[in-house]
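Undergrad: coords please:
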Amino acid sequence: EDAHPPRWWTCDDTDIDVSVSEMAPLDPTDPRRLTTPHQEEEEQRHQRATAKKARAASFGKAAALYAQVRPSYPGEAVAWLVPQQARVVVDLGAGTGKFTRSLIRPGRDVIAVEPSDAMRAQLQADVPAARALAGRSDAIDLPDSSVDAVVVAQAWHWFDPESTCREVARVLRPGGTLGVVWNVRRDSVPWMAEFSRILHTGDTLQDLYAKPEVTAEFAEPEGAHFPWEDEADAHSLRDLAATRSNILTLPPEEQAVVLAQIDVLVAEHQDLAGRSRFAVPYTAQCWRTVRRA
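TA: Okay, here's the model as predicted:
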């Protein structure tokens, strides 16, 4: 890209022999200017939004693997996020049901809302006790004030906060709970830090675990975190990497390069080499708020 002149430089057919260094930038008001700074900013915003949508839609092609290798959530986090007395609970952006499963209990109606047909089909196979509905964070096919709690596990960063809060507030009863949780890799562990570095090579979407932005319908969110460990084997780190959206959307040859680096990490890192199974350290970063009356 650096080999080409900036977009605001221009020339007509008579300028073919003029070097880039001899050409002067156009005045911003010149009608020959290709784009304005505002237009360029809007184009970049559009490109980011398009890439984000493509990544969010990429999980369906790895639904079975996602269900197999993605971590669950610690019981302490589930208990903190969802009131024990909640009788109707929605798992919003439920994926393959990794969190949905932990919500199942006698006397509770658990509703999993998921837009991807492939992910939802996997959820129905794995968690048949839950009701699975097609829907989005801003389009939940449930009546007003019909739900005691809504939880969003590993998905809030895909949502538009304002429209999501508006829709969640609609379906929640006054005083109902909205919970948000992410499993965050604990990069204080050296091999996990290297794993994260490989996963995020070239990644343009930052991991966001900060306090969710909520609208006036909700109280100020409070947070808690719960360290825990999952268990993996020598092959599951590669599979775990293969379920990440930034890797799912890479061309096959680039995917292979990243996954090969994971193989090298498992084979050569002093904390992993030669071990058939090992602990994978996470922290469940949780946030909760309530719908104002």
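Undergrad: for Gln68, which three-state class applies?
TA: For Gln68, the assignment made with DSSP: H, G, I helix; E, B strand; the rest coil gives helix.
Undergrad: give me the neighbour count for the nearest residue to it once chain neighbours are set aside.
TA: Of all residues not flanking Gln68 in the chain, Asp239 sits nearest, at 7.1 Å (Cβ to Cβ, 6 or more residues apart in numbering). In this view, the C-beta of every residue, glycine as well, is placed from N, C-alpha and C. Using other Cβ atoms under 10 Å, Asp239 has 18 neighbouring residues.
Undergrad: cool, the one 10 residues further on as well?
TA: Burial measure for Thr249: 15 neighbouring residues, criterion other Cβ under 10 Å.
Undergrad: now do the phi/psi pair for it.
TA: The phi/psi pair for Thr249 (degrees, to the nearest 10) reads phi -90, psi 0.
Undergrad: touching, Ala284 and Gly223? I think so.
TA: No: contact criterion Cβ atoms under 8 Å: Ala284 and Gly223 do not qualify, at 11.0 Å.
Undergrad: follow-up on the earlier one: wait, what's in contact with the residue nearest to Gln68?
TA: By Cβ atoms under 8 Å, 6 or more residues apart in numbering, Asp239 lies in contact with 65, 68-69.
Undergrad: Ala284 and Gly223: who's more crowded?
TA: For Ala284 versus Gly223, neighbours defined as other Cβ under 10 Å are more numerous around Ala284 (23 against 14).
Undergrad: buried set for the helix or strand containing the more buried one?
TA: Per DSSP states H and E, Ala284 falls inside strand 277-290. Residues 278, 280-290 are the ones in strand 277-290 that count as buried (16 or more other Cβ atoms under 10 Å).
Undergrad: and it, how far from the chain's centre?
TA: Centre-to-centre, strand 277-290 and its host chain are 14 Å apart (Cα atoms, centre = their mean, to the nearest Å).
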